[in-house]
Structures are given as structure tokens and as C-alpha cells.
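A.B. asks: Whatever this is, show me its structure:
(one chain, ligands or ions: 2)
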Amino acid sequence: MTYDWSPNMNLPHVLKDQLLSTIGPAPKEVTHINYDSRKITNNGCFVCIKGDNTDGHLFIEKAVFQGAVQIIGDNQEVMIENAKRYSDVQFILVREPKKALALYSSYLQSHAHKQMSLIGVTGTFGKTTITAYIRNLLNGAGIKTGSIGTAGVWDHKSSLSLHRSTPTTPESSDLHAHLKRMRNRDISCVVMEATSIGLDQERLFGLHFDIAVHSNLHPEHLDYHGTFEQYKQAKLRLFEQANVAVVNIDDEGMSKDILSTFKGELWTYGIHHNATVQAENLKATQNGSSFDLLIKDEKHHIFIPVLGTHNIYNFLASLCVCLAKGFTIQEISPLFHKLEGPPGRLQLIPEFPDRKMIFDFSHTPVALENLLKTIKPIPYKRLIIMITGIGIREKSLRAPIAKAVEGRADEIIVTADHPGDEDPVVVVNDVIAGFETTTKNVHPVPNRGEAIKKAMGLAKEGDLILITGLCMEEFQIIKGKKVPYHDYDHVKEFLHSSKPQEYLREVSVYK
Ligand SMILES: CC(=O)N[C@H]1[C@@H](OP(=O)(O)OP(=O)(O)OC[C@H]2O[C@@H](n3ccc(=O)[nH]c3=O)[C@H](O)[C@@H]2O)O[C@H](CO)[C@@H](O)[C@@H]1O[C@H](C)C(=O)N[C@@H](C)C(=O)N[C@H](CCC(=O)O)C(=O)O
Ligand SMILES: Nc1ncnc2c1ncn2[C@@H]1O[C@H](COP(=O)(O)OP(=O)(O)OP(=O)(O)O)[C@@H](O)[C@H]1O
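C.D. replies: Ligands and ions are numbered 1, 2, ... in the order given. Just a heads-up that it's a prediction; the model follows:
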């Protein structure tokens, strides 16, 4: 049964291309839309999505019980069956419920996205960092810019508290609600991470991006996408929705695909190949990176207060966005000395006099090994590293974490992150079991805050302290509860303590 579109159907016009048929009375009012029956309340529209574990169509009854007045789905048989049972509810049969969810969500949020400029960032590594750099530079340049991604949802000033449904790219109904919230705060530009899974699940369907940014492509999420090719095709979809593309020309994963298919304005960046914006003569310095920037045959000497070659790539991507937005290098360069990445990604903590201190999110053996490679060019007297076992995640990673840093630091503090239901002492001892030859200069401190102070207490002039683990999160999970926690509070406590020496005392945890 197929209905022709008619204006009297009382349905938002946005659903026109998705609509197959409707049964039941059009509701007087629809106040919200959701893909999860548990989040539906009075006057809601529930969209049935087939997932990996279950099928949203099984929860129609629950959604109606919770107050749904409209149901959207693609299973004709189930929809008709339920329409007979709930004659006061409108059932809308569509071609693709995920697309309908995105379109209808946009409508219910007054198409807020159309009143703002959108920038999408995709790639395997660097999305969160590039997103933070773009937000930082554009705000500095006077464009009120918000961001959405792994680091949360930010307006131009600070992080907004909200419930997260996905780790990075929100489901479309949540995304449009965030966009409306941004618009209400006078945000005129939003930069967002576009993950392959988010793109594949149509969370960004119907959005139009002024600029799409590519970082790089390496195998990831193959359990979800099946093949590397399918993973790449999902990421490439972002560029079909954009006017301008910013492409890392050094990346072998997908740059050629974008360059050969993209029809709009192109900006390239890189270090090893000629690009619109190219960096050369890279040098790691005490507090950041310096290099020469080549833009259209002009050379500019640049310093940015961030470490690591990968972050120079991330910076180049962000700079291309500013240039594509019409700023000149002269207008943007005064902002470089204040460039800020996302919390906890090679984040320099400047407050500790005569010592260098870095927070980094690495909490796996591979990430720790990469971190130790990245900091190599930084001059320091002694290296002090704090590593963490994680209570709520794979136990099997604890011992390898110790192995990754063994013999590569002068002092190693071992602590526990998110102990969950585990005794932090046990977590710490599991990590320590991974040291193969010696536990000399290994300091077990089960409480993360105390461990930070211990690391700071051990540091002398000229030393480098690496604080690793899940430090960008503002809570610790302890016995199923999120307990407010921030690394930075402990840094401040140490610096303001009249007796910092007391943190040097040993804490004995071996049982
Ligand atoms: C693997 C994956 O992508 N899962 C997504 C998928 O879940 P699923 O297939 O398991 O759903 P399901 O449990 O079978 O349920 C099917 C439907 O029934 C609904 N339901 C279920 C139970 C109920 O009582 N009532 C009800 O309505 C569910 O809300 C859902 O709509 O469909 C759901 C609804 O559309 C998504 O929210 C969910 O994302 C989950 C939360 C998730 O964590 N996804 C991760 C993998 C993800 O998207 N990550 C990327 C980052 C990747 C990166 O790091 O690069 C991201 O962008 O965040
Ligand atoms: N451009 C890059 N190239 C290679 N590696 C990078 C790049 N940028 C960041 N990394 C590495 O990836 C890690 C994660 O960076 P970031 O959070 O910015 O990436 P992401 O794509 O958002 O990943 P996630 O979604 O897992 O957070 C960093 O700690 C760093 O080790």
C-alpha cells in the first residue's frame, strides 16, 4: 500500500521522500523523537530501528505505553498489526527509518543546523584533536564556534553537560538537539567529529557541511565494517555532503580517493608532498614544535605549543580550515601561541615551575609505546611516568602496560583508574606483575590523585613527568558509581601544599 504525498497528511514535508504509507490519526502535537523506547514520554515519536542485538519494532507497545503518539518503522506487517491494536496512534511506514529519524529530528529542532556553518572531521586518528584546534582557532578569530565529539559537546566557552548516547558522533536525534542548543547560544559555527560508524548509521544524514576535513586512514573498526574498503567508503560519504575538502596529501589510506572524486574546492596539507599548506624543517623544542610553513610560495616561520609530528598534521588541517574560511595567515598566526588541544592528549601542564608535565590519555601498551616515542625529542633530565591499570576493563592489559614502560623511565608510579568493583590494590599489583626484571624505582600508589602528587614529589628541576591514563574524564567509576574526580585538582593541591615533601613517602600496597 503506497500513498501519494498530500499536504493534508499533516506530516512534516521533510519525510516526503521517505514516506510509503500512514495508518491512524495524525497527532495534534509531537514534542520529541527517539530511537529508544525507554526515552519516549508523552507526545513522542518512536522510530523503530533494527539493531545488532534486537529490533526496535519489538518495542512499539512499550513506546505507546510510555506516551508515543507516532511510530515510524519499515516493517509493514508489524506496523499494521500494531496499528490495529493502537488506533489512536499514527503509524508511518518509511523506506529507511534511520534517515527518517535524522530528517524528522532536524524538523523538530527547527533545522537549527541550517543557520550555522558546519565543519565535519573524519579519519582514523586525530579527529578529536583537529576538532579542538579548529574550535580554538575559530573562536580566537572571532567566530563563535562549538564542537561535538569524543571530548563532549562544547559551546564557544566551555563543555556542556549532557547525557551521551554514543562515544563520539551522536545519534541524529541527539545531534539535532545539541545543534539547537548551540544555536540558542548564538553559536554560528559547529565543528564535529564524523566517525565511520556514525556516517554508516545515517546519524549525519541531511546535514550539509561547509568544510569536510580528512586526517588519515588506517585499519580500524573492521569488526563493524567487514572490510577496509567498506570502512573507507563510510568515511568518504562525508565528502559527498560538503562544499570544501581539506585533505592530508601524505595519507595513503584515502587521500587519493577524495582527490579523484571531490568536485568542490580542495585544500591539501602535508609534510612529505607538495600541498597547498606544507610544513618543513620541523623541530621539537622545549615547549612545543617549530617549523616553516609554505603557503602559496610564501614561507612563514611558526611555533605552536604542542608536541608530536602527528599534532603538526592536526594543526595543518585546522589551519587549512581557517584559510578556507577566508582568514589570512597574518590574521590567524597571532593565535598560534595559544593553540589548545583537547584535554588529556599530550596536554602540557605549564604550572609546575622548572619541570615539564604532560597529561596523556594513553592507557594501552601500544599507546604508551607511541607516547614514549613522541616525547623523545623533548630535552629532560629524568623521566617520571605514571601508568594505570583499569579496573573496569580488560585485566589482560594490566601486565603488558608495565612491560611497555619497563626500563624506559627513571621512576614509574603505578596506580589504578576506574577501579569499579575491584580493589585498587589488586589492580596495581596486576600491573606490577608485568615487570620482568626489576621493580626498582617502581612506586605503587593505588589512589590516582595521590599517585599524581607522588610523581610531582619525585620530580626535580629539569625532569619530565608523564601522567597517563583516563585523565580527560571528570569522574572515576568506583563500585558502579561515577565519583567526581579531576587530575588537575591534585596538581593544584600539590602546588599549594605547604609540605609537598610528604608526598615522597612510600605507600606499601603489596599484600
Ligand atoms: C555498534 C553500534 O554502533 N551500535 C549502535 C546500534 O546499537 P545496536 O545495533 O546494538 O542496537 P540494538 O541494541 O540491537 O537495538 C536496536 C534498537 O532497539 C532499540 N531499543 C532497544 C531496547 C529497548 O528496550 N528499547 C528500544 O527501543 C534501541 O534503542 C535501538 O534503536 O544502534 C543504536 C541505535 O541506533 C546505537 O545507539 C548503537 O550505538 C552504540 C551506543 C555505540 O556505542 N556505538 C559505538 C560503537 C559507536 O557508534 N562508536 C562511534 C565511535 C567509533 C570511533 O571511536 O571511531 C561513535 O561515533 O560514537
Ligand atoms: N594526525 C594523527 N596521526 C596519527 N596519530 C594521531 C594523529 N592525531 C592523533 N594521533 C594519535 O591518536 C591518539 C588519539 O587522538 P585523537 O583523540 O585526536 O584521535 P581520534 O581520531 O579522535 O580518536 P578517538 O576517537 O579514539 O579519540 C593520540 O593520542 C595520538 O597518539
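A.B. asks: okay, CA-based contacts and neighbour counts for the rest of this
C.D. replies: Fine.
A.B. asks: From the centroid of this protein, which residue is nearest?
C.D. replies: residue 150 (2.0 Å; C-alpha atoms, centre = their mean).
A.B. asks: Can you give me every residue that contacts it?
C.D. replies: Residues counted as contacts of residue 150 (C-alpha atoms under 8 Å, 6 or more residues apart in numbering) are 128, 167, 168, 169, 193.
A.B. asks: redo that, cut-off 7 Å
C.D. replies: 128, 167, 168 (C-alpha atoms under 7 Å, 6 or more residues apart in numbering).
A.B. asks: pLDDT value on it, please?
C.D. replies: Here the pLDDT value assigned to residue 150 is 90.
A.B. asks: can you tell me how far it sits from ligand 1?
C.D. replies: 8 Å (C-alpha to the nearest ligand atom, to the nearest Å).
A.B. asks: Please list the residues of the stretch 251-400 of the chain that sit near ligand 2.
C.D. replies: Residues of the stretch 251-400 of the chain lying near ligand 2 by C-alpha under 6 Å from any ligand atom: 310, 311, 313, 314, 345.
A.B. asks: So which of the residues you listed belong to helices?
C.D. replies: Under the assignment DSSP state H, these contribute 310, 311, 313, 314 to helices.
A.B. asks: Next, count neighbours for the nearest residue to the third one once chain neighbours are set aside.
C.D. replies: What it means is residue 313. Once flanking residues are discounted, residue 313 sits nearest to residue 270: 6.7 Å by C-alpha to C-alpha, 6 or more residues apart in numbering. When neighbours are defined as other C-alpha atoms under 10 Å, residue 270 has 22 of them.
A.B. asks: Am I right that residue 270 is in contact with residue 248?
C.D. replies: Yes: judged on C-alpha atoms under 7 Å, residue 270 makes contact with residue 248 at a distance of 5.7 Å.
A.B. asks: got the contact list for residue 401?
C.D. replies: 364, 365, 431.
A.B. asks: Give me the residues contacting the strand or helix carrying the last one.
C.D. replies: If you go by DSSP states H and E, residue 431 is part of helix 424-432. Residues from elsewhere that reach helix 424-432 (C-alpha under 7 Å, 6+ apart): 389, 391, 398-399, 401-402, 414-416, 444, 446, 509-510.
A.B. asks: where does it sit relative to the chain's centre, distance-wise?
C.D. replies: 29 Å (C-alpha atoms, centre = their mean, to the nearest Å).
A.B. asks: which residues of the stretch 151-300 of the chain fall in helices?
C.D. replies: Taking DSSP state H, counting those that start in this stretch as the criterion, the stretch 151-300 of the chain carries its helices at 172-184, 196-200, 222-225, 228-240, 255-261.
A.B. asks: any idea of the mean pLDDT in the last one?
C.D. replies: By that I understand helix 255-261. When pLDDT is averaged over helix 255-261, the result is 97.
A.B. asks: Could you check how far it is from the centre of its chain?
C.D. replies: 25 Å.
A.B. asks: what's the burial count for the residue in the stretch 151-300 of the chain that ligand 2 sits nearest to?
C.D. replies: Per C-alpha to the nearest ligand atom, the residue of the stretch 151-300 of the chain with the smallest distance to ligand 2 is residue 215, at 5.7 Å. Look at residue 215: counted by other C-alpha under 10 Å, it has 27 neighbours.
A.B. asks: Over to the one 10 residues further on?
C.D. replies: Residues lying near residue 225 (other C-alpha under 10 Å) number 17.
A.B. asks: Give the closest residue to it in space, chain neighbours not counted.
C.D. replies: Nearest to residue 225 is residue 231, by C-alpha to C-alpha, 6+ apart, at 5.4 Å.
A.B. asks: Could you export stretch 422-434 as PDB, CA atoms only?
C.D. replies: Coordinates of each C-alpha in stretch 422-434 appear next as PDB, following Å, rounded to 0.1, in the frame of the first residue of the first chain:
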ATOM      1  CA  GLU A 422      37.900  -4.200  42.100                       C
ATOM      2  CA  ASP A 423      40.200  -3.400  45.000                       C
ATOM      3  CA  PRO A 424      42.600  -0.800  43.500                       C
ATOM      4  CA  VAL A 425      45.500  -2.600  45.300                       C
ATOM      5  CA  VAL A 426      44.800  -5.700  43.300                       C
ATOM      6  CA  VAL A 427      44.700  -3.700  40.000                       C
ATOM      7  CA  VAL A 428      48.000  -2.100  40.900                       C
ATOM      8  CA  ASN A 429      49.600  -5.400  41.800                       C
ATOM      9  CA  ASP A 430      48.300  -6.900  38.500                       C
ATOM     10  CA  VAL A 431      50.200  -4.200  36.600                       C
ATOM     11  CA  ILE A 432      53.300  -4.600  38.700                       C
ATOM     12  CA  ALA A 433      53.300  -8.400  37.900                       C
ATOM     13  CA  GLY A 434      54.200  -7.400  34.400                       C
END
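A.B. asks: Would you indicate which residues of it are buried?
C.D. replies: By neighbour count on 16 or more other C-alpha atoms under 10 Å, the buried set for stretch 422-434 is 424, 425, 426, 427, 428, 429, 430, 431, 432, 434.
A.B. asks: backbone phi and psi for residue 458, please?
C.D. replies: Here is the backbone geometry of residue 458 (degrees, to the nearest 10): phi -80, psi -20.
A.B. asks: how close does it sit to residue 281?
C.D. replies: To residue 281, residue 458 is 35 Å away according to C-alpha to C-alpha, to the nearest Å.
A.B. asks: Mind checking which of those two has more residues around it?
C.D. replies: Shown here are residue 458 and residue 281; by other C-alpha under 10 Å, residue 458 has more neighbours (17 against 10).
A.B. asks: count of residues packed around the residue in the stretch 351-500 of the chain positioned nearest to ligand 1?
C.D. replies: Relative to ligand 1, the nearest point of the stretch 351-500 of the chain is residue 361 (14.0 Å; C-alpha to the nearest ligand atom). Neighbours of residue 361 under the rule other C-alpha under 10 Å: 20.
A.B. asks: Quick check: phi and psi on it?
C.D. replies: When read as degrees, to the nearest 10, the backbone of residue 361 gives phi -70, psi -10.
A.B. asks: Check whether it really touches residue 469, as I assumed.
C.D. replies: Yes: with contact defined as C-alpha under 7 Å, residue 361 reaches residue 469; the gap is 4.9 Å.
A.B. asks: shared neighbours of these two, which are they?
C.D. replies: Common neighbours of residue 361 and residue 469, counting by C-alpha under 7 Å, 6+ apart, are absent.
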